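Enquirer: I need the structure of the sequence given here:
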Amino acid sequence: MSGATDGVTVIPVTGDAPYDVLVGDELADRLPALLPGAAQVAVVHAAPVRSVASRVADTLRAAGLSVLPLEVPDAEDGKTIEVAARCWDALGGAHFTRTDAVVGVGGGAVTDLAGFVAASWLRGVRWVPVATTLLGMVDAAVGGKTGVNTAAGKNLVGAFHPPAGVLCDLSTLDSLPAQELVPGLAEVVKCGFIADPAILDLVEADPAAVTSGAARTVLRELVERSVRVKARVVSEDLKESGLREILNYGHTLGHAIEKVEGYTWRHGQAIAVGLVYAAELARRAGRLDDATAARHRDILTALGLPVSYPAAAWPDLLATMRVDKKSRGARLRFVVLDGLARPSILDGPTDEELAAAYQEIAS
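Expert: Below is the predicted model:
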């Protein structure tokens, strides 16, 4: 059961490697307790959150831990095997042992990288993501998926490596610019469509307040509801052998858009288009009603997220989707909806069906 103590909501992730997700303000002081027995902690971060990383480092030092700051390139530029290798070299130079730990401070790209560095160093050391963006809180930091991008595609190299705990520090959202906050809402909306329609009602009630960050109480509820959706799914299925696949709703086309764009689009922007496409694919297959399909477009548009993509990009997108992790051999698989909060799989749609659905969202 999840609960709140001292203004901090604790959401448990169960399974073989259980941990807690903490949601609240100014959570750095909770970090040392998650890493008992560690002597050294590497703090991986990018320049935009240097001040947050410094506070984290100060807290760890005050608890008697030695800190190795590792500043990496921001966003997807830092999520490469070359950057991971530089981090490994730094850990080796500092003589990191199995009892030491890695902390990732930042958005989803940084926490994905930090988790992968931890998963691969000495075949796995402890790590904790300190999520500072909405996307990081509701998606990347929870679930134990870690990885880096390659020329072939997004997240094709990685590992399942559950963290020792997750800190979702809501205070970092207060200064988050709209261009960072809004894309994260795509993953929130995804959780609403696949599992918790109350999320959609909250967003639709006042999209402008949500995107501006003015509705602080609502934003916190959206974070907590989204984290609960993901925690419930990954507790049952860590390694995507069944239920967890529903979290990929909107991601098959979304990841392809990210690659075609050279990772210059925000993850949430690409996923927004992917959600509308998946809804259209299901509608044309006779599995989703017109009103729910249209609701995808309406709610994402109200949040200022894109819902279309150039028609001429289709051949490149299709080729990229064929090397996606969710494919099975030559067969593409899409998470679709059979109704609101009723996710299922569309396995092996024809090229004609795929192209026809894309025409509905093409600009």
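
Enquirer: Name the residue most distant from the centre of the chain?
Expert: Residue farthest from the centre of the chain, counting by CA atoms, centre = their mean, is residue 64 at 31.6 Å.

Enquirer: And the helix or strand hosting residue 56, what does it pack against?
Expert: Using DSSP states H and E, residue 56 sits in helix 50-62. Judged by 3 or more CB pairs under 8 Å, 6 or more residues apart in numbering; DSSP states H and E, the packing partners of helix 50-62 are strand 40-46, strand 66-72, strand 101-106. For the C-beta atoms, the positions are set from N, CA and C on the backbone; glycine is no exception.

Enquirer: who's in contact with that helix?
Expert: Helix 50-62 is contacted from outside by 28-29, 31-32, 41, 43, 45, 67, 69, 71, 103, 105-106, 130, 132, 169, 172, using CB atoms under 8 Å, 6 or more residues apart in numbering.

Enquirer: highest average neighbour count across the helices and strands packed on helix 50-62?
Expert: strand 101-106 (a mean of 31; mean count of other CB atoms under 10 Å).

Enquirer: Show me the contact partners of it.
Expert: 31, 35, 38, 40-46, 48-49, 52-53, 56, 60, 91, 110-111, 113-115, 117-118, 121, 125-133, 136, 164.

Enquirer: which of these count as buried?
Expert: Neighbour-count burial (16 or more other CB atoms under 10 Å) is assigned, among these, to 31, 35, 38, 40-46, 48-49, 52-53, 56, 60, 91, 110-111, 113-115, 117-118, 121, 125-133, 136, 164.

Enquirer: All the strands of the protein, residue numbers only.
Expert: In the chain, the strands defined using DSSP state E lie at 3-5, 8-13, 19-24, 40-46, 66-72, 101-106, 126-131, 145-150, 153-160, 166-169, 333-337, 343-347.

Enquirer: Ranked by average pLDDT, which of those falls at the bottom?
Expert: Here the lowest mean pLDDT among those goes to strand 3-5, at a mean of 59.

Enquirer: Need the strands of the chain in TSV (columns: distance to residue 237).
Expert: Formatted as TSV, these follow (distance: least, CB to CB, whole Å):
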stretch	distance to residue 237
strand 3-5	24
strand 8-13	12
strand 19-24	16
strand 40-46	27
strand 66-72	30
strand 101-106	23
strand 126-131	20
strand 145-150	12
strand 153-160	11
strand 166-169	18
strand 333-337	13
strand 343-347	13
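
Enquirer: Quick one: closest of those strands to residue 261.
Expert: With CB to CB as the measure, strand 153-160 is the member of these nearest residue 261 (10.9 Å).

Enquirer: returning to what we had before: between the strands of the chain, which gets nearest to residue 255?
Expert: strand 153-160 (4.8 Å).

Enquirer: what mean pLDDT does the helix holding residue 56 have?
Expert: Averaged across helix 50-62, pLDDT comes to 96.

Enquirer: same check, this time on stretch 307-326
Expert: On average, stretch 307-326 scores 90.

Enquirer: Would you mark the buried spots in it?
Expert: Neighbour-count burial for stretch 307-326 flags 307, 308, 309, 313, 317, 318, 320, 321, 324, 326 (criterion: 16+ other CB under 10 Å).

Enquirer: Much appreciated, bye for now.
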